[in-house]
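*Asks:* Sequence and computational prediction follow.
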Amino acid sequence: MVDFAGWEMPLVYRGVIDEHLQTRSSGGLFDVSHMGRLFISGKEVVEFLDKVLTRNITRQEVGQSRYSLVCNEAGGVLDDVIISRDKKNWILVCNASNRQKILTHLAAVRRAEDYDVDIADQTESTAMVALQGPKVIDRLASVLPGDIKSLKRYHFSNESFMFIKFTIFRSGYTGEDGIEMIFPAKMAPLMTKMLGGKTDKPDATIKPAGLAARDTLRLEAGMPLYGHELLETIDPISAGLAWAVDLTKDFIGAPALRAIVAAGPKRKLVGLELEGRRIARQGTIIKTADGQQVIGEVASGTFSPTLEKSIATAFVDAALAAEGTMVAADLKGTMNQARIVKMPFYKKA
């Protein structure tokens, strides 16, 4: 157990590799209750969210979720979020370490432009779990009401089970199929036991997995992590997230991002496959293949349990970011050769 943004969170249950491969082959249950859950409503909620989010949400349908970003005026990322439209409100899920920052930012925007919206922080009154893996949907279809199998990716529905109301999302952060679910905090022990089944059996379909495995899974899937691939000093264009930015509309940070697009980003996020088994951790310097010129640094790195390769993401000079380019990771004075590769590193068949 570790402290994470004020939450006591499970880092490892049985072992990172065990939990990682269990999720890839069958199913893993992750406690993600530390993620912020903000419920936003009001007469001007659409206009308000369109102002603070990089995605165009005006045509987003009830029951649909979208990945988006919240930027500052300079185009830096305050957080990456999932925004979901329900019948009476919008649900914004943000990162635990950024929850207070996002609440403060939203309140400032509402106050500055006098938007008629209500923002309710329901993080501590609710719990959130993620069940991820190729056998998860079949397992949940046998125990939960509703037609989970027909729920489309990045869509959600509101259901009830044994008088417990919950919201189930077809989404996740592992590169596998699965769901994320929000329900009352006081029902967390009952719900997790019901969802996971007999998780302590050696051949259990679903077993608990911790934050460490969640990180290796998301990195294989090429998904960004705030504090690594995303920061207030990093713009979404450089981070390879232009697809989540609609520059045809006005939002906070849009003018700065248009200027970056027009000039071209100076650095780009790339994937790296390193020779050997050594890991290039965050901050590792990246040089040209001959080791003579510094061209960037690592954002995230690990040894991939699925691919059995050392992988990393790195921000490098845009002119040297082409796929197939050979570079060198400076591992404490040793130049470890690496190749720029297309992300994601792993994609399920």
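*Replies:* That came through fine. Residues are numbered from 1 along each chain as shown.

*Asks:* going forward, measure contacts and count neighbours with C-alpha atoms only.
*Replies:* Noted.

*Asks:* Would you mind measuring from G333 to T313?
*Replies:* 20 Å (CA to CA, to the nearest Å).

*Asks:* which of the two has more neighbours?
*Replies:* T313 (29 against 9; other CA atoms under 10 Å).

*Asks:* For stretch 183-199, what is the distance to the chain centroid?
*Replies:* 23 Å (CA atoms, centre = their mean, to the nearest Å).

*Asks:* Name the single longest helix found in the protein.
*Replies:* helix 99-113 (DSSP state H).

*Asks:* For the next helix or strand after it, which outside residues touch it?
*Replies:* As assigned by DSSP states H and E, the chain's next helix or strand after helix 99-113 is strand 118-121. Contact with strand 118-121 is made by 36-42, as judged by CA atoms under 8 Å, 6 or more residues apart in numbering.

*Asks:* Work out the sheet partners of strand 118-121 and label each with its direction, please.
*Replies:* Partners of strand 118-121 in the sheet, by DSSP bridges, are strand 36-41 (antiparallel).

*Asks:* where along the stretch 151-300 of the chain do the helices fall?
*Replies:* 188-196, 211-220, 254-263 (DSSP state H, counting those that start in this stretch).

*Asks:* who wins for proximity to S300 among those?
*Replies:* Smallest distance to S300 across these (CA to CA): 7.6 Å, for helix 211-220.

*Asks:* List the buried residues of the closest one.
*Replies:* Neighbour counts over helix 211-220 (16 or more other CA atoms under 10 Å) mark 211-220 as buried.

*Asks:* Can I get the longest helix of the chain as CSV, trimmed to CA atoms?
*Replies:* Coordinates of the C-alpha atoms in helix 99-113 are reproduced here as CSV (Å, rounded to 0.1, in the frame of the first residue of the first chain):
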residue,chain,number,x,y,z
ARG,A,99,-8.7,17.1,-8.6
GLN,A,100,-8.3,20.3,-6.5
LYS,A,101,-6.5,22.1,-9.3
ILE,A,102,-9.4,21.3,-11.7
LEU,A,103,-12.0,22.2,-9.2
THR,A,104,-10.3,25.6,-8.6
HIS,A,105,-9.9,26.1,-12.4
LEU,A,106,-13.6,25.3,-13.1
ALA,A,107,-14.8,27.6,-10.3
ALA,A,108,-12.6,30.4,-11.6
VAL,A,109,-14.0,30.1,-15.2
ARG,A,110,-17.5,29.9,-13.9
ARG,A,111,-17.0,33.0,-11.8
ALA,A,112,-15.2,35.0,-14.5
GLU,A,113,-17.9,34.5,-17.1
